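Q: Pasting the sequence and the predicted model now:
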Amino acid sequence: MNLSESVGEIKGIGPKTQKILEKAGIRTVRDFFYNLPRDYENFRAPRSIGEMRPGRVLIKGRISRLTTRHAKSRNLSITEGVVKDNTGMVHVVWFNQTYRERQLLPHREYYFNGVYELKNGRYQLTAPDVTLTTDIDVSSGIMPIYASHGKLKTASFKRFIKDSRDKFAEIPDLIPMVKPKTRSEALFKVHFPNTMNDTIVGRNYLAYEELFELVLAAKLNKNKNSALKSIKIAFDVEKIRDFVGKLPFALTNAQRVAAWEIFQDMEKEHPMNRLLQGDVGSGKTMVAAMAAYEAIVAGFQVAILAPTTILANQHYDSLSKLLTPFGVNVALLTGDSAGKAELRKDIKNGKIDLVIGTHAILTDSTEFKNLALAIIDEQHRFGVQQRQKLIEKSPDGFSPHLLSMTATPIPRSLQLTVFGDLDVSILNELPKGRQPIETHIMPEIETREKLYPKIRETIKNGQQVYWICKSIEDGTLSCDDFGSENFWNSEKITKGETTSVKYRTEKLRRVMPELTIEYLHGKMKPEEKDDIMERFARGEIQILVSTTVVEVGVDVPNSTLMVIENAESYGLAQLHQLRGRVGRGSVKSYCFLLTAGDMKPSERLREVESSTDGFHLAEVDLKLRGPGEIYGSLQHGALDLRFASVSDTKLVRRVQDDVEKFLQTEPNLDEYEELRSGIQKYQQLTRLN
Ligand code: ADP
Ligand code: MG
């Protein structure tokens, strides 16, 4: 059996079905067998309706009185009916599943599996899955439930799999590190389990396989990197000692270690590929400055790439201050830099030592004389192609050393897998004299009594405030009701919907008309954004209402209070990043996490309140939400592991050993076509150069 063939090659799947399957993302034979049940139902023990308790239940009965109505305001169709068995009856409700009316026949008996709950004053069974009783294999009683995609319904996919039962034995092995046939047996167990344990055994193997591909991809990338040549940069003790000695502060120990690791890397003939991780404010820029200086005194050029113009400007300001006194020529190259042509000439002829900029650096018209080191700030914001572009800017045959910096903490488990090709330096220590940020969770309804006085006090002391909102605009709640008695209890807020920057700005202006309050969001024109940000940095704006665009790197040490609305809707690592915008000076800073209405804060949110350790928060986040949520969207969306958990360190270790062994015998993967194509998406993901 060839798994890469079209799904249409499976016996019994005609052109029409093939189309439906393809629409659901099932294109190849492999996709077909790997479309696993999203859940299982144990049909041995349905409850009788008379003895149901609230919670998830499975019942068996017949349906009647099916009708659908449309709730226009919410763009929702509601299909309702009544299910009866010989002990009682219960209302059932589905949302946006109008097909239920056609699907369910009153004379037939079905299993219904859904949530039995009290809603709007009556008990109902909400959104149950439905299975014909005659579809259940009584011998096992454990029924797979497949996700339905568009026209592909749970039951029909189940039928296709059943019809292919004999084909499982022909599924070829993927890797030689396990017993032959392990794979086909695992897949069979997952689709046709006899016990729930079968499903676990099957999935454990699939998790292994998935991690194997991920780790292999990273390892191959690493090998590829060490096959590249780079410019060797000798460590100049005197120059660096002089530079460090003239800093207005002492380096933290972590900064010293990181710089040392970087100097050692740059002395090698293969390009450095290092990730410098450090909490916001840990002083990554200083480490970058040392690395840049080292390369420049050796006679080479350095580029620093920032994800936004604001950030590039800021780096330019602080790095020129640091490096110009040492004879370094620093230039800023962003989309709106004046005199770009002239600047590019000077970059090409080597007059400029250090170029700081945005994507403008990557365009073909920017040529370097001898680029030896590229530093990428907030590395997850740059894609693979952009990194590739940087390599092309180095002298022929050489790749630049690459230093990526990020404040998004990457837990150890991810370092070993997804980022397994990177060497990592960590700044786990804040510069002396910083006070930890004090974080409080506060129900939104308390802001009027508690938060506003605190904000007024902060601003009276000459400090500034960030107020973070989830969205840019909304049209539903007008500000006119502000001040009315029931404003805070208005539906929008108690329902926990998000508020927008525009709305919040307007409202704060009404509460504190004496202040300058402006908003900032990602859809504004770059000039507008820069203008607002610069005015905020100069202290002309007291409250900046913003979306998460301020998350990345911006430094306004005078801001000491941050409010994050709809705090529940962010990841922990992101909340931590956001709050790092304050607490950058010596004054004590505060972060208020607002929960909608009077919602009780979750355990998850409590973690942010009690911990200032970004790595700890990232680990918690990773466990709760998985890597795809946290890093996937930031990277290229490919990091949605289906079976494995990268937190499973035991398995990760085993896989690493196996990958090592595998590569010793099969360095080129010549006979492993499926594996090669499988790791491609991960290679894209984990490759930094
Ligand atoms: P990061 O990029 O890691 O968020 P920065 O490099 O922007 O942090 O540093 C934050 C602030 O701390 C800057 O104002 C910087 O000058 C200062 N700083 C950096 N290193 C030290 C140090 N060792 N001691 C005191 N202040 C430092
Ligand atoms: Mg920074």
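A: Alright, I've got the coordinates. Residues are numbered from 1 along each chain as shown. Ligands and ions are numbered 1, 2, ... in the order given.

Q: and stretch 295-313, C-alpha only, in CSV?
A: This file holds the C-alpha atoms of stretch 295-313, laid out as CSV (Å, rounded to 0.1, in the frame of the first residue of the first chain):
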residue,chain,number,x,y,z
ALA,A,295,32.2,41.5,15.0
ILE,A,296,32.7,45.1,14.1
VAL,A,297,36.1,45.4,15.8
ALA,A,298,37.1,42.3,13.8
GLY,A,299,36.3,44.3,10.7
PHE,A,300,32.9,43.1,9.7
GLN,A,301,29.4,44.3,9.4
VAL,A,302,26.4,43.6,11.6
ALA,A,303,22.7,43.8,10.9
ILE,A,304,20.0,44.0,13.6
LEU,A,305,16.4,43.3,12.5
ALA,A,306,13.5,44.4,14.5
PRO,A,307,9.8,43.5,13.8
THR,A,308,8.5,47.0,13.9
THR,A,309,9.6,50.5,13.0
ILE,A,310,9.1,51.7,16.6
LEU,A,311,11.4,49.0,17.9
ALA,A,312,14.0,49.7,15.2
ASN,A,313,14.0,53.3,16.2
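
Q: List the buried residues of that stretch.
A: Neighbour counts over stretch 295-313 (16 or more other C-beta atoms under 10 Å) mark 295-298, 300-313 as buried. Heads up, the C-betas are built off the backbone N, CA and C, glycines and all.

Q: what packs against the longest helix seen in the chain?
A: Taking DSSP state H as the criterion, the chain has its longest helix at helix 196-227. Contacts defined by 3 or more C-beta pairs under 8 Å, 6 or more residues apart in numbering; DSSP states H and E place helix 196-227 against strand 39-42, helix 182-191, helix 649-665, helix 673-686.

Q: Backbone torsions only: list them for the closest residue to residue 3 other than its chain neighbours.
A: Of all residues not flanking residue 3 in the chain, residue 30 sits nearest, at 3.8 Å (C-beta to C-beta, 6 or more residues apart in numbering). Main-chain torsions, residue 30, degrees, to the nearest 10: phi -60, psi -50.

Q: from now on call the first residue 27
A: Renumbered: residue one is now 27, and that last one reads residue 56.

Q: Name all residues that make contact with residue 56.
A: If a contact means C-beta atoms under 8 Å, 6 or more residues apart in numbering, then residue 56 has 29, 30, 700 as its contacts.

Q: 10 Å - rerun?
A: Contact partners of residue 56, counting by C-beta atoms under 10 Å, 6 or more residues apart in numbering, are 27, 28, 29, 30, 31, 33, 197, 200, 700, 703, 704.

Q: and the fifth one, how many neighbours does it have?
A: Residue 31 is flanked by 13 other residues according to other C-beta atoms under 10 Å.

Q: What sits closest to it if chain neighbours are left out?
A: Nearest one to residue 31, counting by C-beta to C-beta, 6+ apart, is residue 55 at 5.2 Å.

Q: Mind pulling up the pLDDT for the one you found?
A: Looking at residue 55, its pLDDT reads 95.

Q: For it, give its distance to ligand 1.
A: In this view, residue 55 and ligand 1 are 49 Å apart by C-beta to the nearest ligand atom, to the nearest Å.

Q: Just give the number of residues close to that residue.
A: Residue 55: 23 neighbours (other C-beta under 10 Å).

Q: Is it in contact with residue 27, as I believe?
A: Yes - using C-beta atoms under 10 Å, residue 55 is in contact with residue 27, at 6.6 Å.

Q: Find residues that contact each of the two.
A: 35, 36, 193, 196, 197.

Q: what about the last one, how many residues close to it?
A: Neighbouring residues of residue 197 were enumerated by other C-beta under 10 Å; the total is 19.

Q: Output the below-cut-off pLDDT ranges for the stretch 77-226 of the chain.
A: 163-166 (pLDDT under 70).

Q: Show me how the protein divides into domains.
A: Annotated domains of the chain cover 70-161, 259-293+308-432, 464-637 [automatic domain parsing].

Q: rewinding a little: would you tell me which one of the helices and strands packed on helix 222-253 is buried the most?
A: Among the helices and strands packed on helix 222-253, helix 208-217 has the highest mean neighbour count (mean count of other C-beta atoms under 10 Å), at a mean of 20.

Q: So which bits of the chain are right by ligand 1?
A: Proximity of the chain to ligand 1 (C-beta under 6 Å from any ligand atom) is limited to residues 275, 277-278, 281, 304, 306-312, 433, 457, 581.

Q: Tell me the buried residues within the residues you listed.
A: Buried among the residues of the chain next to ligand 1 by 16+ other C-beta under 10 Å: 277-278, 281, 304, 306-312, 433, 457, 581.

Q: so of the residues you listed, which ones are in strands?
A: residue 304 (DSSP state E).

Q: From the contact counts, what lies against the helix or strand just after the longest helix of the chain?
A: Next helix or strand after helix 222-253 toward the C-terminus (DSSP states H and E): helix 263-271. Here helix 263-271 touches helix 279-292, helix 310-323, going by 3 or more C-beta pairs under 10 Å, 6 or more residues apart in numbering; DSSP states H and E.

Q: let's go with 8 Å and repeat that
A: So helix 263-271, by 3+ C-beta pairs under 8 Å, 6+ apart, packs with helix 310-323.

Q: In the sheet, which strands lie alongside the helix or strand that comes right after the helix it packs on, parallel or antiparallel?
A: As assigned by DSSP H and E, the chain's next helix or strand after helix 310-323 is strand 327-331. Within its sheet, strand 327-331 is paired with strand 380-383 (parallel), strand 397-403 (parallel), according to DSSP bridges.

Q: Would you mind checking the average pLDDT for strand 327-331?
A: Per-residue scores along strand 327-331 average to 95.

Q: what's that strand in contact with?
A: 314, 317-318, 321-322, 341, 345, 373, 376, 378-385, 387-388, 394-403, 408, 412, 416, 419, 426.

Q: What's the ChimeraX syntax to select whichever of the residues you listed are buried?
A: Here is the ChimeraX command that picks out the buried ones among the contacts of strand 327-331, judged by 16+ other C-beta under 10 Å:
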select :314,317,318,321,322,341,345,373,378,379,380,381,382,383,384,385,387,388,394,397,398,399,400,401,402,403,408,416,419,426
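
Q: about what we covered before: put together JSON lines for the buried ones among the residues of the chain next to ligand 1, with pLDDT on each row.
A: Output for those, formatted as JSON lines (pLDDT from 0 to 100):
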{"residue": "277", "pLDDT": "95"}
{"residue": "278", "pLDDT": "95"}
{"residue": "281", "pLDDT": "97"}
{"residue": "304", "pLDDT": "88"}
{"residue": "306", "pLDDT": "76"}
{"residue": "307", "pLDDT": "80"}
{"residue": "308", "pLDDT": "88"}
{"residue": "309", "pLDDT": "91"}
{"residue": "310", "pLDDT": "93"}
{"residue": "311", "pLDDT": "92"}
{"residue": "312", "pLDDT": "95"}
{"residue": "433", "pLDDT": "80"}
{"residue": "457", "pLDDT": "85"}
{"residue": "581", "pLDDT": "76"}
